[in-house]
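Student: structure, please.
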Amino acid sequence: MNVDLQKITDNPIDYTVTIPLKGEYKLIWRPLEHNDIKKLTKFLSRLSDETRNMYILDSYDEQMAKELCDAIAKYDKLRFVVEESENRDIIGLFDFSFDIPSSDRARFSKYKFSIDLEKDCRVGFCVSDEFQGMGIGQASFSCITSIAEKLGKQRLILLGGVFKENTKSTGFYTKLGFKKIGTFLSPDERMSYDMIYTIG
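Tutor: Alright, predicted model coming up:
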């Protein structure tokens, strides 16, 4: 994978940004680090059943937090977190995946849409329940596109798509500028949309 992934891991402060939100309230956007297991465990364990139904992981405990932190600079993954500026609790998790599996490429091909492994990447994000609806995802989006551009990417594909029933998220992504390009059944047979965003 691109050496820039390692640069981000080795120099997290260079990719740390303060995001203003609603007046004087500020957020910290930064790369996930190896020593974030405890903070990430707290974030995952506090997600509601409703949020977990939309943001699907194998578990929401310390083991999963450790797996995510251990995966830093390995495979094709890059993760960022958003923290409150005051107590530094993690309140958002943002995933980048730079490999696009053959199953996804085949599905996109059915839409007559060609995946470019050099220019496309997958993204997904989750915000703590108590902070949903506060504009955190929207405020963080310029950070997402900036990192993607630094890594040579031009399009963002929603990681795993978005469930059709999740109208709140579908509306949010549409507002950001994502376009629906097709529908598919998820592994648990829930109707989902594939959506893509073109940077620039």
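
Student: and the longest helix along the chain, how far from the chain's centre?
Tutor: Criterion DSSP state H: the longest helix present in the chain is helix 136-150. Its chain's C-alpha centre and that of helix 136-150 lie 10 Å apart, by C-alpha atoms, centre = their mean, to the nearest Å.

Student: what's the answer for stretch 105-125, then?
Tutor: For stretch 105-125, the distance to the chain centre is 16 Å (C-alpha atoms, centre = their mean).

Student: go on, stretch 145-153?
Tutor: Worked out by C-alpha atoms, centre = their mean, stretch 145-153 lies 14 Å from the chain centre.

Student: please apply the same query to stretch 125-139.
Tutor: Centroid separation for stretch 125-139 versus its chain: 12 Å, with C-alpha atoms, centre = their mean.

Student: go on, stretch 139-155?
Tutor: 11 Å.

Student: can you list contacts of it?
Tutor: With C-beta atoms under 8 Å, 6 or more residues apart in numbering as the test, stretch 139-155 has contacts from 2, 4-5, 8, 15, 17, 19-21, 27, 29, 78, 80, 82, 92, 94, 96, 98, 116, 118-121, 123, 125, 156, 176, 196-200. Glycine gets a C-beta too; all of them are placed from N, C-alpha and C.

Student: among the residues you listed, which are located in strands?
Tutor: Among the contacts of stretch 139-155, the members found in strands (DSSP state E) are 17, 19-21, 27, 29, 78, 80, 82, 92, 94, 96, 120-121, 123, 125, 156, 196-198.

Student: which among these count as buried?
Tutor: Burial by neighbour count, judged by 16 or more other C-beta atoms under 10 Å, picks out 19, 21, 27, 29, 78, 80, 82, 92, 94, 96, 120-121, 123, 125, 156, 196-197 from the ones in strands among the contacts of stretch 139-155.
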